[in-house]
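>>> Structure for this input, please:
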Amino acid sequence: MAIKLNDKFLNGFVSDHEIHAMDDAVIGAHSKIWNKTGLGNDYLGWVDLPVNYDKEEFLRIKEAAEKIRTSCDILIVIGIGGSYLGARAAIEFCKSPYYNNLKKDTPDIYFAGCNISAQATKELLEICEGKDVCLNVISKSGTTTEPAIAFRIFREMLIKKYGPDCIKDRVYITTDRQKGTLKSFADEMGCQTFVVPDDCGGRYSVLTAVGLLPIAVAGISIDDMMEGAAAAREAFAPCDLENNDCLKYAAYRNILRNKGKKTEILVDYEPCMTMMNEWWKQLFGESEGKDNKGLFPASVVFTTDLHSLGQYIQEGERLIFETILSIKDTGAVVEVPHDEANVDGLNFLTGKSLEFVNSMAYKGAVIAHTDGGVPAMILELDSRTAYDFGYMVYFFEMACGISGYMLGVNPFNQPGVEAYKKNMFALLGKPGYEEQKAELEARINA
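Predicted coordinates for the structure are as follows:
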């Protein structure tokens, strides 16, 4: 098992009878997932994805990744939310946050369309100067504002650089199987296409072509990743709260929420987890934040944030709990050297590995925080392989679905995301929004 739940730091916060009292709620939620009977059940394709994914498309993904690796210096992945977070999280977790700066035989990978920043876009255009560039555009509809603008800009860059005929060879499109503006564009231009499945929402799509193409371009084994996810699916299929750590995690989250804990902080001790934290925040935030319900998902990377947010966690309002993700083997060994002058007084650490020092910081912090009234549970992850990543993704996806149903919401829609879009379209002057534009401008200018 790639992930194991350690709940010893919940002692004094959650009693045995409270976890057993969740049996009926957990069984009901688990049944809704596996029997596909709950709200949003048409978006449960991710449940069986690790064992019934499209093998033909999977092969095409690997072939396209190899073509990209041999034909370009830079791959720009254009997408927002679930269309980019999973792939970026996988690359930083399995490879490095410094992936683009490391010596390698794979292209640099940058992400665009996840903001509307002129500065970020201008700098990425400058990075592309003198480089061979390919694009992977990811959008179900093709009309989402941020990636659509980015695609216009970087498509224009390609045409100026290589001529109009370059699009079919340098643009790879991941979109709806049959309809939408991107699908029509791809068919017209002759671009190779991959599918955003109808039954997987964006935040549950990292193990589809949405995430797998850029992950494969980075030289990460997508076979191992799917194997890890399949192992997780098998491990978490039994509805056994006592032995199923995924169900237990979902149950603990709901128990702590019922006790007044409003914020869950995902805690990591490795910078390679930073973007995984962002993926996790979208997964739980979009899935549970409805009907004035849901835990607020936050994250920190220690020990860095122990010197900033650590003060609040230790002594601030007691509305938080921590979920600590501890990686047993990071794959790196660095030892503290000896300093003859012992200027910093740290010679007692001579010869000790940074992993050992980091682990002692983690143990010291969790004891301090629980003593300060912050419950903590620990998810122990074996290592940083593609297999581990696939396992971890499936663990959180399943736990999120279970937890959402226990909360009484539809974990697979996101109606609240549309509110800002409508206001933005009106303020930008999109046809059909004239009345709303006038109302919003009056409010802004009041």
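>>> Against which helices or strands is the lowest-mean-pLDDT helix or strand in the chain packed?
Lowest by mean pLDDT, DSSP states H and E among the helices and strands of the chain is helix 418-428, with a mean of 80. Here helix 418-428 is seen to pack against helix 145-162, helix 434-445 when contacts are counted using 3 or more Cβ pairs under 8 Å, 6 or more residues apart in numbering; DSSP states H and E. (Each C-beta comes from the backbone N, C-alpha and C, glycine too.)
>>> Between those, which one is closest to P297.
Across the helices and strands packed on helix 418-428, the minimum distance to P297, taken as Cβ to Cβ, is reached by helix 145-162, at 21.4 Å.
>>> Dump the helices and strands packed on helix 418-428 into TSV; add mean neighbour count as well.
Formatted as TSV, the entries for these read as follows, by neighbours: other Cβ atoms under 10 Å:
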stretch	mean neighbour count
helix 145-162	17
helix 434-445	11
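>>> Tell me which residue is most central in this protein.
By Cα atoms, centre = their mean, the mean C-alpha position of the chain lies nearest to W279, the distance being 2.0 Å.
>>> between the helices and strands packed on helix 418-428, which gets the lowest average pLDDT?
Comparing mean pLDDT across the helices and strands packed on helix 418-428, the weakest is helix 434-445, with a mean of 83.
>>> residues in contact with that one?
Where contact means Cβ atoms under 8 Å, 6 or more residues apart in numbering, the residues beyond helix 434-445 that reach it are 422-423, 426-427, 429.
>>> Which helix or which strand is home to E66?
Take DSSP states H and E as the rule and E66 turns out to sit in helix 55-71.
>>> whoops, I mixed them up, L5
When the helices and strands are read off by DSSP H and E, the one containing L5 is strand 3-6.
>>> can you list contacts of that strand?
Taking Cβ under 8 Å, 6+ apart as the criterion, the residues outside strand 3-6 that touch it are 232, 245, 248-249, 377-382, 391-392, 395.
>>> for this protein, what are the low-confidence residue spans?
Residues of the chain that meet the criterion pLDDT under 70 lie in 417.
>>> residue boundaries of the strands in it?
Taking DSSP state E as the test, the strands found in the chain are 3-6, 74-78, 108-112, 133-138, 171-175, 192-195, 263-268, 296-301, 320-329, 376-383.
>>> Quick check: which of the ones you listed is nearest to T181?
Put simply, out of the strands of the chain the one that sits nearest T181 is strand 171-175, at 8.6 Å, with distance taken as Cβ to Cβ.
>>> buried sites along that closest one?
171-175 (16 or more other Cβ atoms under 10 Å).
>>> neighbouring strands for it, and are they parallel or not?
Strands flanking strand 171-175 in the sheet, each with its direction: strand 133-138 (parallel), strand 192-195 (parallel) (DSSP bridges).
>>> wouldn't T145 be in contact with M424 here?
Yes: because the distance of 7.0 Å satisfies Cβ atoms under 8 Å, T145 is recorded as touching M424.
>>> Distance-wise, check the closest residue to K32 other than its chain neighbours relative to Q414.
Counting by Cβ to Cβ, 6 or more residues apart in numbering, the nearest residue to K32 once its immediate chain neighbours are dropped is G38, at 3.1 Å. In this structure, G38 lies at 16 Å from Q414, with Cβ to Cβ, to the nearest Å as the measure.
>>> C-alpha coordinates for stretch 10-18, PDB please?
Presented in PDB, the C-alpha positions along stretch 10-18 are these (Å, rounded to 0.1, in the frame of the first residue of the first chain):
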ATOM      1  CA  LEU A  10      -6.000  12.400  16.800                       C
ATOM      2  CA  ASN A  11      -6.000  10.900  20.300                       C
ATOM      3  CA  GLY A  12      -7.900  13.200  22.600                       C
ATOM      4  CA  PHE A  13      -9.600  14.800  19.600                       C
ATOM      5  CA  VAL A  14     -11.600  11.900  18.200                       C
ATOM      6  CA  SER A  15     -12.800   8.900  20.200                       C
ATOM      7  CA  ASP A  16     -13.300   5.300  18.900                       C
ATOM      8  CA  HIS A  17     -17.100   5.500  19.300                       C
ATOM      9  CA  GLU A  18     -17.200   8.600  17.100                       C
END
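>>> ok, and what's touching that stretch?
Contacting residues not belonging to stretch 10-18 are listed as 7, 252, 255-256, 259, 321, 370, 375-377 [Cβ under 8 Å, 6+ apart].
>>> need the contacts of strand 3-6 in CSV with distance to V366 and neighbour count, can you?
Formatted as CSV, the entries for the contacts of strand 3-6 read as follows, by distance: Cβ to Cβ, whole Å; neighbours: other Cβ atoms under 10 Å:
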residue, distance to V366, neighbour count
A232, 25, 25
D245, 18, 21
K248, 18, 20
Y249, 16, 22
M377, 10, 24
I378, 7, 20
L379, 12, 21
E380, 12, 16
L381, 16, 24
D382, 19, 17
Y391, 23, 27
M392, 20, 26
F395, 20, 25
